[in-house]
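Peer 1: sharing a sequence plus its predicted fold:
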Amino acid sequence: MYNIAVLPGDGIGPEVIREGIKVLIRVGEKFGHKFSFQEASIGGHALDTAGKPLPEKTLELCKNSDAVLLGAVGGPQWDNNPPDLKPEKGLLGIRKELGLFANLRPATLYSSLIQASSLKHELLDGVDILVIRELTGGLYFGSPRGFHQKDGEQVAVNTLSYSESEVRRIAKVAFEAARKRKRKVCSVDKANVLETSQLWRRVVTDVGKSYPDVELSHMYVDNCAMQLIRNPKQFDVIVTENMFGDILSDEAAMLTGSIGMLPSASLGGKVGLYEPVHGSAPDIAGQGKANPIAAIASVAMMLKYSFNLEQEAQSISEAIEEALRQGYRTADIFSSDGKLVKTSEMGDLIAKNI
Ligand code: NAD
């Protein structure tokens, strides 16, 4: 029995998570596994029902589960809340509390979706990138932070800080992952300007000495943003700090056609957390337009990384590919020759293909 904590969150979160669970139940039937699901509140939903973005009950449930499946948090109704009462605080909090310092974001191109990308086919054919983003350090967590008055005007401060051990552990994750792929790591920083990046580069180089079979290169973040569009096939594993990883992984997502396709795994502690890369998409929430594939592919990552069920994970990837080959498309990846389906229909089709 695998115990899964389910945190649907806000906006399209509950809609796409429902489809992920549907597919997981089907995998359980097919391969003879039992999954139990316990739901808890996070983000805006938790603010409205419990007064805080990450209630203790939610955290307790997650810590006592085998894995966590999360939708997305946020929405315009909470945008003007004070910093501690923003939905995103719940997300940052759970990552920190579960010790999830490594965020794995694969950007794999499904061949039948090549026309949904804004780039030329020949640039994309065969793109398979794993972005590994440091998740619990850097600007999003550094202190001091906040607003203050200076010389009669408001000033805002955030702090970018990394320790050697923080860089070392994420570098190891990257080199280990590269060993199971094409054995190439590109470490992305801004070492021409930032001291944190200079430390980052030194430590990654040092860790790399223990992996002579993996080719290590370094790239400035502005160049990487350009190279991802110019020649994405040059990359295998990209490892980078929190904010650069946040931005570059969204860019990599667009290579694959839509942000609605991209799953993620956050690892490092006892319990792994799996979530689509996209946000709560308030502009399409409640309309059945959300693409559930990122959430369903996140479930596949859970099977692979938390439960070591490689074959079951593979069956989900193949079921997604098959639904796309059959021409089914949600609105975000729709083109005139496809068959337009709603969120739940896409989930049904993928579950049926398992
Ligand atoms: P977003 O990812 O929610 O949406 C960006 C665009 O992509 C929108 O046009 C949306 O309709 C589209 N989109 C996203 N997911 C989709 C899907 N599965 N299918 C089809 N289309 C999809 O980012 P945003 O608009 O910048 O943020 C909206 C809210 O989500 C904000 O409150 C933000 O803070 C929050 N957010 C949360 C997370 C998270 O929970 N991990 C991540 C990013 C943003």
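Peer 2: Sure, I can see it. Computed from a predicted model, the values in this text were never measured in an experiment.

Peer 1: buried sites along the one helix or strand Ala323 maps to?
Peer 2: Using DSSP states H and E, Ala323 sits within helix 310-325. Applying a neighbour-count criterion of 16 or more other CB atoms under 10 Å, one finds 312-313, 315-317, 319-324 buried in helix 310-325. Backbone N, C-alpha and C define where each C-beta goes, glycine included.

Peer 1: so how far is Tyr305 from the nearest residue to Asp250 once chain neighbours are set aside?
Peer 2: Spatial nearest neighbour of Asp250, chain neighbours left out: Ile259 (6.5 Å); criterion: CB to CB, 6 or more residues apart in numbering. Plainly put, Ile259 is 21 Å away from Tyr305 if you go by CB to CB, to the nearest Å.

Peer 1: with Asp151 instead?
Peer 2: Distance from Asp151 to Tyr305, by CB to CB: 50 Å.

Peer 1: try Ser118
Peer 2: 30 Å.

Peer 1: try Lys52
Peer 2: In terms of CB to CB, Lys52 sits 29 Å off from Tyr305.

Peer 1: the residue nearest to Asp250 is in contact with Ile284, isn't it?
Peer 2: No - contact criterion CB atoms under 8 Å: Ile259 and Ile284 do not qualify, at 11.8 Å.

Peer 1: neighbour count: Asp151 and Tyr305, which is higher?
Peer 2: Tyr305 (17 against 5; other CB atoms under 10 Å).

Peer 1: find the closest residue to the ligand in the stretch 201-350 of the chain.
Peer 2: Nearest residue of the stretch 201-350 of the chain to the ligand: Gly279, at 2.4 Å (CB to the nearest ligand atom).

Peer 1: do I have it right that that residue meets Gly71?
Peer 2: No - look at Gly279 against Gly71 with CB under 8 Å: they stay out of range, at 9.8 Å.

Peer 1: between those two, who's got more neighbours?
Peer 2: More crowded of Gly279 and Gly71, by other CB under 10 Å: Gly71, with 29 against 21.

Peer 1: the ligand versus the residue nearest to that one when sequence neighbours are not counted, what's the distance?
Peer 2: With sequence-adjacent residues excluded and distances taken as CB to CB, 6+ apart, Gly71 is closest to Gly13, at 2.4 Å. Distance check for Gly13 against the ligand: by CB to the nearest ligand atom, to the nearest Å, it reads 7 Å.
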